[in-house]
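Novice: Please work out how this folds:
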Amino acid sequence: MPSFPKDPPAIALAMTGRVESGTAILPSPCIQNHAAFLARSPNGELECVWFGGSLEGKADICIYRSRLLGAGWTAPEKLTDDPERSEQNPVLFHAPDGRCLLLHTAQPGGDQDKCVIRMREIGHPPQDLSLPGGSFVRARPILRSDGAWLLPLFHCTPQAGARWTGRHDTASVAITEDAGISWRQVAVPGSTGCVHTTIVPGDDRLVAFFRRRQADFVHRSESRDGGETWSVPVATPVPNNNSSLAATRLADGRLALCCNPVNADMSTDRRASLYDELGDDARPEASGGCTPVWGVPRAPLVVLLSEDDGQSFPRSITVADSTGTCLSNNSEDGRNQELSYPAMLEAPDGGLDIAFTLHRRAIAYRHLTPNEIANAT
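Specialist: A predicted model of the protein is given here:
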């Protein structure tokens, strides 16, 4: 397993984008970089988008993109710049009509329940999607056989007079049959606390995986009618720390899940909420719903392999490891040690391309070779 630099100055020096022994740290002008997403362009280029700025939730957070060309990642280009909103959770989608679409969230401060989802063709003005306030994206859209697009969503549901902490968050899928002009939603039943919906197509079903606000276990749901209805999510054996995950189908039919397999029962680390450092919201916390758990360590970062569509994961590969401490979002003082928010794609050589957050200071990249996957234990 390769080692990555640990303290912010060392990480900054390594942010060259050069790929050495299958690893790299992407260049960025920002002190904070988080929430990577990987896509492959029609010509085969690997692209990475993420959000960067001074601190998650602040209005200087914007979306950036870099490409893997030859032996290195290109200098980043800024794709968005709304001076009033924190622009987060980018998703790149190469649509069937040839457009390269960027979807992302835009929220005022830490008010996730006031978030909107924006979509734009790269280089063009954005449009706010006709979805309820508080809707979030994180995972790639799925193309259905009839041409419809399925966009995995989760919802940070507002409570009157209270600030958002995640108590009433739920999952759904947005469906468009006119290439993104109009959308309708399909709720995932019994999904309170299930977020970061990630869908993996199968032969006769769609399988969805969820991060859990309760920091207990990755949850799983199925649809057997093209995403029009979903089963109530149930726990898998994989622990979850209320942090993001990525899933993809391999060419051999197996399912790969990348996450931090740690939960609240495995650590006493806690923080009040995701945005407790912003200090700009005096409203009381919401009540009811589920009980979110924040601060569980975000490491190690592991790829788990399943041969039964995600019901069990007997084999694993460690991508990177650290203490995983995430009691602060500050990326300058070295307290944050998280390895989180993975993005994952199968590579042309049969390996896996993975990008992830390195201590919130940078986006790191690792290529797992086919041999490493074959030797998973």
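
Novice: all helices of the chain, in order?
Specialist: Listed in chain order, the helices of the chain (DSSP state H) span 8-13, 370-374.

Novice: and the shortest one, how far out from the chain's middle?
Specialist: Taking Cα atoms, centre = their mean, to the nearest Å, one finds helix 370-374 lying 24 Å from the centre of the chain it belongs to.

Novice: what's the answer for stretch 211-230, then?
Specialist: Mean-position distance between stretch 211-230 and its chain equals 15 Å (Cα atoms, centre = their mean).

Novice: do stretch 249-268 as well
Specialist: When C-alpha coordinates are averaged (Cα atoms, centre = their mean), stretch 249-268 and its chain have centres 13 Å apart.

Novice: which of the helices of the chain is buried the deepest?
Specialist: helix 8-13 (a mean of 15; mean count of other Cβ atoms under 10 Å). Using the backbone N, CA and C atoms, a C-beta is placed for each residue, glycine as well.

Novice: contacting residues around it?
Specialist: 4-5, 25, 331-334, 358-359, 361-362 (Cβ atoms under 8 Å, 6 or more residues apart in numbering).

Novice: go again using 7 Å as the cut-off
Specialist: 5, 25, 331-332, 334, 358-359, 361-362 (Cβ atoms under 7 Å, 6 or more residues apart in numbering).

Novice: looking at the helices of the chain, which is closest to residue 176?
Specialist: helix 370-374 (34.3 Å; Cβ to Cβ).

Novice: Residue 246 and residue 356, how far apart?
Specialist: 9 Å (Cβ to Cβ, to the nearest Å).

Novice: shared neighbours of these two, anything?
Specialist: residue 342.

Novice: list the buried ones in stretch 189-205?
Specialist: 190-201, 205 (16 or more other Cβ atoms under 10 Å).

Novice: any idea which of those is closest to residue 287?
Specialist: The closest of the buried residues of stretch 189-205 to residue 287 turns out to be residue 192 (Cβ to Cβ; 13.5 Å).

Novice: average pLDDT for stretch 36-55?
Specialist: Stretch 36-55 shows a mean pLDDT of 98.

Novice: Which residues does it contact?
Specialist: Residues outside stretch 36-55 that contact it (Cβ under 7 Å, 6+ apart): 26, 28, 30-35, 60-69, 87-88, 90-92, 94, 329, 341, 343-345, 353, 355-357, 363.

Novice: what about it, start to end distance?
Specialist: End-to-end span of stretch 36-55 (Cα to Cα, to the nearest Å): 15 Å.

Novice: Among the buried residues of stretch 189-205, list the two that are farthest apart in space.
Specialist: So, the buried residues of stretch 189-205 by Cβ to Cβ: farthest apart are 192 and 201, at 25.6 Å.

Novice: can you tell me the distance between the two ends of stretch 37-50?
Specialist: The first and last residues of stretch 37-50 sit 6 Å apart, counting by Cα to Cα.

Novice: re the thing from before, closest one to residue 227 among the helices of the chain?
Specialist: Comparing those by Cβ to Cβ, helix 370-374 comes nearest, at 28.5 Å.

Novice: shaky segments in the stretch 1-150 of the chain?
Specialist: Within the stretch 1-150 of the chain, no stretch has pLDDT under 70.

Novice: residues near the closest residue to residue 122 other than its chain neighbours, how many?
Specialist: Distances taken as Cβ to Cβ, 6 or more residues apart in numbering place residue 100 nearest to residue 122, at 4.8 Å, with adjacent residues excluded. Neighbours of residue 100 under the rule other Cβ atoms under 10 Å: 17.

Novice: now do the one 4 residues further on
Specialist: Residues near residue 104, counting by other Cβ under 10 Å, number 27.

Novice: Write down the beta-bridge partners of it, one by one.
Specialist: On the basis of DSSP bridges, residue 104 is bridged to residue 118.

Novice: rewinding a little: okay if I get the contacts of helix 8-13 as a markdown table plus distance to residue 228?
Specialist: Putting these into a markdown table (distance: Cβ to Cβ, whole Å) gives the following:
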| residue | distance to residue 228 |
| --- | --- |
| 5 | 47 |
| 25 | 42 |
| 331 | 41 |
| 332 | 47 |
| 334 | 48 |
| 358 | 39 |
| 359 | 41 |
| 361 | 42 |
| 362 | 40 |
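
Novice: now, which of these sits nearest residue 161?
Specialist: Using Cβ to Cβ, residue 331 comes nearest to residue 161 of those, at 32.3 Å.

Novice: Pull the contacting residues for the closest one.
Specialist: 8, 31-32, 359-361.

Novice: Can you add distance to residue 179 and give these back as CSV?
Specialist: Formatted as CSV, the contacts of residue 331 follow (distance: Cβ to Cβ, whole Å):
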residue, distance to residue 179
8, 43
31, 37
32, 34
359, 39
360, 35
361, 38
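
Novice: And the furthest pair within those?
Specialist: Applying Cβ to Cβ across the contacts of residue 331, the maximum distance is between 31 and 359, 11.4 Å.

Novice: So those two - more neighbours on which side?
Specialist: The neighbour comparison of residue 31 against residue 359 (other Cβ under 10 Å) goes to residue 359, with 28 against 17.

Novice: Neighbours of the residue nearest to that one when sequence neighbours are not counted, how many?
Specialist: Spatially, and ignoring its direct neighbours in sequence, residue 359 is nearest to residue 336 (5.2 Å; Cβ to Cβ, 6+ apart). Each residue near residue 336 was counted by other Cβ under 10 Å, and the total is 25.

Novice: hey, where'd the strands end up in the stretch 251-377 of the chain?
Specialist: Per DSSP state E, counting those that start in this stretch, the stretch 251-377 of the chain carries strands over the ranges 255-259, 301-306, 315-320, 339-346, 352-358, 362-368.

Novice: now those as TSV including distance to residue 152 and mean neighbour count?
Specialist: Shown next, in TSV, are the strands of the stretch 251-377 of the chain (distance: least, Cβ to Cβ, whole Å; neighbours: other Cβ atoms under 10 Å):
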stretch	distance to residue 152	mean neighbour count
strand 255-259	15	25
strand 301-306	19	23
strand 315-320	22	18
strand 339-346	14	24
strand 352-358	18	27
strand 362-368	21	26
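
Novice: Many thanks, I have nothing further to ask.
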